[in-house]
Every structure is written in C-alpha cells, then in structure tokens.
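Engineer: Kindly generate the corresponding structure for this input.
(chains A, B, C and D)
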Number of protein chains: 2
Amino acid sequence: MSKTVSQTVSGASTARRRLLDTATRLFYTEGIRAVGIDRIIAEAGVAKATFYNHFPSKDDLVLTYIEELDQQGRDAVSAFPEQPPRAMIAAIMGRISDAVTAGGWRGCPFLNAAAEYPDPNSPVRRAIDGRRAWYHDSLRKHLAANGDPVPSVTASLLVALSDGLLEMAYLDEPEDVPNLVAEALERLLVRP
Amino acid sequence: MSKTVSQTVSGASTARRRLLDTATRLFYTEGIRAVGIDRIIAEAGVAKATFYNHFPSKDDLVLTYIEELDQQGRDAVSAFPEQPPRAMIAAIMGRISDAVTAGGWRGCPFLNAAAEYPDPNSPVRRAIDGRRAWYHDSLRKHLAANGDPVPSVTASLLVALSDGLLEMAYLDEPEDVPNLVAEALERLLVRP
DNA sequence: TCCTATCCAGACAGGTCTGTCTATTTGCAG
DNA sequence: CTGCAAATAGACAGACCTGTCTGGATAGGA
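Structural biologist: Numbering: from 1, shown residues only, chains lettered A, B, ... in the order given. Here you go, the predicted structure:
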C-alpha cells in the first residue's frame, strides 16, 4: 500500500506524455488504423518496450487518446464563467467555430473514431457514448433554463447540428461555419 | 475498335457484381481498412485473379463502392414525383428516416469513408465532394423555389443536420430521428 | 470441334502490423 | 556507492496485407 509518490511533480513521466501527444497528432490527422505503433514510437523518440510499459496495447492507447480529448472538452466548458442560459449555449456552440478556424481541422475526432470502431461495446465506443450523453445533457439543461418548451428535442437538434457543422468544416467550407453556428442559434432557440 | 458486345445482357459479369455487393456490405459494416481483399473474395466466392481482373487495386474497388452508393442516392431522388418545393424537401430529408429505421445502420457511408481517407485529393474524397455538392445544390434549389430568402444558408443548415442526424442514428437513438427530421423542417423552413 | 475469354484454387513475394524479448544504459533514492 | 526503476536499441515471432503468378477447369461463339 501507500505507493511511493516518486513521480516528478512536473510532467508525470515525459515518455508517456510524448507518446500520447504523438499518438494524438497522428491518430487525428491520419486515422487510427492507418498509424502503427512503430511510427508513433519513432516520432515520439521512445523505445518499444517503454511504450508497452505504459500502455498494455494499442487499443489502450487509442482509448486514452479519446478519453483525454473528451476530458479536455469538458474542462473547457466547465471553465466558462456563469452567464445567462442563452449565452452559455452560444459559448458551448462557439467552441465549434473556434475549433474549425484554428487550422488543421480534420473532422470531429469522436466521429472519426466511431467510424473505425464498429463494435458498440468496445471501450472506445463506450467513451464516445459518454461524451455524447454529456454534450446533449449540457445543452438540454441550459435550454430548459432558457425556457425552451421541449429542451431535449432542441438539444438533439443542436447535437446533430454540431456534428454536421464539424463535418462540414472538414469536407466543405470551414469559413462558412461560424456564421452557420450563429444562424442556427438564431433560428432554433426560443426568443428571449 | 467496335469492342464486341459479348456480355450477357443480364448481370454484366456476376463475379464483379458479387464482389461489389460483398465489398459494399463489409466496407460499410466493418470499415474499409478493416476489410482485406482475401476476406472479400472468400465471401464473394471469387478467385483472387478474377478480382484483379475486374479491379486494378483495392482502392479502385473502394472508389467504385462509393460511386455506386452515390449514384443510387441520386437515382432515388430523381425518381421522386414532382411536388411543391416544400414537399420535395421533405421527401429528400425523409430518406434519412427511411435509411436509419431499416436496420443495420452504421452511420453515413460517405462520412465513414472520409474519416479513413485524410487526403482531400484522393479519388474517394473527390467523389465525396461531388456527392456533397449535389446534395447541397438539390436542397438549395428547392429552398429557393419555396421562397427562402437565404436558400444557400438554409441548405447548409439542412446538410449539416442531415449529417448529424445520420450520425445520431448510428451512435445514439435511431428511433428519435424521424421525429427530429420533421421538427427540423418545421423550424427551419419558411412558413408557406 | 476448337478457340478464346473467363473463371477457380492457391502458392508466393515483399511488406507491415502488434506484441514479446534480450541486452544494455541511464539516473535517482537511499 | 549501491541498487532499483525505467529508459534505450533492436531482433524476432506470427499474423495479415496487397498484388502477382501458375496451372487447370468451364463454357459459349465461330
């Protein structure tokens, strides 16, 4: 018991961090199945044995990749200052515009991963399920506070629009997306 | 010149047809990279040499798979009887409800393929581009005829909603989708 | 009947994938 | 200084991948 807290406070094993950063970049930009372990350890500058010391398998690395992205999104939303419900919804949806105009956008990483993981019971798919439930629930609560008569339905429409706009930014014209986000809120939210 | 039209009228080479049907089923349900040629020819009951006689490479088969799905969608829409613009839009979007309630839905095959093809200049991605341009354009024309003041913007919203609802049917609750399609039209289309 | 195109079965080459293992080196805690 | 934990490089096994090739079977048109 009482595992020795011998980790350096800053960084918690840089090898693991570099592996995760490299995997995140490569999985996102090229696809999960398309990127092999050899490539990841080479670009991270880490030995193979070290990799398998930190992650039992590639699937475990993929799951960590998805879970970390999910957590970052939730943290970003948690960090929003309290505002009236409509402003909260606009802030949440505004993250879409920020993400797709930052450059290097290659679609929603969760939808991309789901396309490569057909088994709905796989850990990756379960993590994606959790992410989507959280997103829908966040919107639904703010919509209810905003006086929406059918907050769950409107939340579903906003979830679908979010996914669709993220894909549109990847496949069509990313520069149109911020305006479409604003337009969607204008049309789907109840008048204040 | 004058290539001998010796093909039997019915079926145009059943081996090719079986290969394409098997590939369509496997690519869609399991993913493109996840399915190898050996598996396709085994389940199609076709020899390997025969496969490479009909398709120069696997990527060629993938492209044919995408192009055929695209063509089928366009044909289905072309077959719609002429109706007032709003009914045309409802019919086009109604295909979403039909698709996702038929069973075995695993997401939009074009979005799934795009997730596995990061290169925007690849033939597969170009085919997907064409598909999306056609879909947006179809909606835009009917919206204009319906008196929408900004038909292109509304068309983009409907495209995004279509993509998002197709993913929602895969990842969340498919049974909610038909109602959401109707709700979206109710809220986004101009009053008649 | 014969010819030609198409089919089948399957071996093979050359590459890549994941995961294991050996053997050595580095660096910090006690 | 000693010892242990964690790092390194890289070989290796076993599976799978795409694409080529050989050799033989089948069938329809001239």
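Engineer: how close does A:Arg191 sit to A:Arg18?
Structural biologist: The gap separating A:Arg191 from A:Arg18 is 50 Å, by Cβ to Cβ, to the nearest Å. Every residue, glycine included, has its C-beta placed from N, CA and C.
Engineer: Ok, A:Ala79 next?
Structural biologist: On the measure of Cβ to Cβ, A:Ala79 and A:Arg18 end up 26 Å apart.
Engineer: more crowded one of these two?
Structural biologist: A:Arg18 (18 against 7; other Cβ atoms under 10 Å in any protein chain shown).
Engineer: shaky segments in chain A?
Structural biologist: A:1-13, A:192 (pLDDT under 70).
Engineer: domains for it, by residue range?
Structural biologist: A:11-55, A:63-188 (automatic domain parsing).
Engineer: is the longest helix along chain A up against DNA strand C anywhere?
Structural biologist: Determined from DSSP state H, the single longest helix within chain A is helix A:123-145. No: Helix A:123-145 is not in contact with DNA strand C by Cβ under 7 Å from any atom of the strand; minimum separation 13.0 Å.
Engineer: Quick check: buried residues in that helix?
Structural biologist: Buried residues in helix A:123-145, defined by neighbour count with 16 or more other Cβ atoms under 10 Å in any protein chain shown: A:124-125, A:127-128, A:131-132, A:135-136, A:138-140, A:142-144.
Engineer: Which members of those additionally contact chain B?
Structural biologist: A:Ile128, A:Arg132, A:His136 (Cβ under 8 Å from any Cβ of the partner chain).
Engineer: hang on, the second one packs against B:Leu171?
Structural biologist: Yep, that's A:Arg132 we're talking about. Yes: if you go by Cβ atoms under 8 Å, A:Arg132 and B:Leu171 touch, sitting 6.0 Å apart.
Engineer: follow-up on the earlier one: just the angle between the very next helix or strand once past the longest helix of chain A and helix A:123-145, please?
Structural biologist: As assigned by DSSP states H and E, the chain's next helix or strand after helix A:123-145 is helix A:151-171. Orientation of helix A:151-171 against helix A:123-145 (axes from the mean of the first three to the mean of the last three Cα atoms, to 10 degrees) gives an angle of 120 degrees.
Engineer: Could you export helix A:151-171 as PDB, CA atoms only?
Structural biologist: Once non-C-alpha atoms are left out, helix A:151-171 reads as follows in PDB (Å, rounded to 0.1, in the frame of the first residue of the first chain):
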ATOM      1  CA  PRO A 151     -35.400  21.200 -24.300                       C
ATOM      2  CA  SER A 152     -34.500  17.600 -25.100                       C
ATOM      3  CA  VAL A 153     -35.700  17.800 -28.600                       C
ATOM      4  CA  THR A 154     -33.900  21.100 -29.200                       C
ATOM      5  CA  ALA A 155     -30.800  19.700 -27.600                       C
ATOM      6  CA  SER A 156     -30.900  16.800 -30.000                       C
ATOM      7  CA  LEU A 157     -31.200  19.200 -32.900                       C
ATOM      8  CA  LEU A 158     -28.200  21.200 -31.600                       C
ATOM      9  CA  VAL A 159     -26.100  18.000 -31.100                       C
ATOM     10  CA  ALA A 160     -26.900  16.900 -34.700                       C
ATOM     11  CA  LEU A 161     -26.100  20.400 -36.000                       C
ATOM     12  CA  SER A 162     -22.800  20.400 -34.100                       C
ATOM     13  CA  ASP A 163     -21.800  17.100 -35.600                       C
ATOM     14  CA  GLY A 164     -22.800  18.200 -39.000                       C
ATOM     15  CA  LEU A 165     -21.100  21.500 -38.900                       C
ATOM     16  CA  LEU A 166     -17.900  19.900 -37.700                       C
ATOM     17  CA  GLU A 167     -18.000  17.600 -40.700                       C
ATOM     18  CA  MET A 168     -18.900  20.400 -43.000                       C
ATOM     19  CA  ALA A 169     -15.800  22.300 -41.700                       C
ATOM     20  CA  TYR A 170     -13.700  19.200 -42.700                       C
ATOM     21  CA  LEU A 171     -15.300  18.400 -46.000                       C
END
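Engineer: Can you tell me which residue of chain A sits closest to DNA strand C?
Structural biologist: Closest approach between chain A and DNA strand C, counting by Cβ to the nearest atom of the strand: A:Gly36, at 3.0 Å.
Engineer: With B:Ala91 as the reference, measure out to that residue.
Structural biologist: A:Gly36 is 46 Å from B:Ala91, where distance means Cβ to Cβ.
Engineer: Quick one, which of the domains of chain A gets closest to DNA strand D.
Structural biologist: Nearest of the domains of chain A to DNA strand D, taken as Cβ to the nearest atom of the strand: domain A:11-55 at 3.3 Å.
Engineer: Just give me how far that closest one sits from the chain centre.
Structural biologist: Relative to the chain's own centre, domain A:11-55 is displaced by 19 Å; criterion: Cα atoms, centre = their mean, to the nearest Å.
Engineer: With stretch A:85-92 instead?
Structural biologist: That offset, for stretch A:85-92, works out to 18 Å (Cα atoms, centre = their mean).
Engineer: Pull up the residues of chain A that are close to DNA strand D.
Structural biologist: So far as Cβ under 7 Å from any atom of the strand goes, chain A lies against DNA strand D at A:Ser13, A:Ala15, A:Arg16, A:Gly45, A:Val46, A:Ala47, A:Lys48, A:Ala49, A:Thr50, A:Asn53, A:His54.
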